[in-house]
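>>> Show me the folded form of this:
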Amino acid sequence: MAYALPEKQKIIALDVEDSCTVREAVRLSNINVFFPDVDVETVKVGIFGKAVRNAEEQTLKEGERVELYRELKVDPKQARANRAAKTSKG
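Numbers count the residues shown, from 1 in each chain. Model (predicted):
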């Protein structure tokens, strides 16, 4: 289980049953102890950088890394445009 903020990150290793779903693993990780703002029931998740569409049904395979995704504050396209504008002015 991996989650990161700009100033803090956490990786939690879990041993789970073969039938464990992605959402169950998020609950079992107790990630909200370290990051109280994380809602384990609704946080968007992925496995090795690929979004999981149905975390309630998808089961984990041995060795998979579940990643928790934060909501974006700025659209990535807008962020790139902002950086490009800043560079062209400087």
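
>>> Heading C-terminal from the strand or helix carrying Asn32, find the next helix or strand.
Using DSSP states H and E, Asn32 sits in helix 31-34. On the C-terminal side of helix 31-34, the nearest following helix or strand under DSSP H and E is strand 44-47.

>>> what ranges do the helices span in this structure?
With DSSP state H as the criterion, the chain has helices at 22-29, 31-34, 76-89.

>>> what's the average pLDDT for the last one?
Within the predicted structure, the mean pLDDT of helix 76-89 is 80.

>>> and what of the shortest one?
Summarised as a single mean, pLDDT over helix 31-34 is 95.

>>> Any regions of the chain where pLDDT drops low?
Low-confidence regions of the chain, defined by pLDDT under 70, span residues 72, 90.

>>> give the contact list for the most centrally placed residue in the chain.
Residue closest to the mean C-alpha point of the chain, counted by CA atoms, centre = their mean, is Leu68 at 1.5 Å. Going by CB atoms under 8 Å, 6 or more residues apart in numbering, Leu68 touches 1-3, 26, 31, 38, 43-45. C-beta coordinates here come from the backbone N, C-alpha and C atoms, glycine included.
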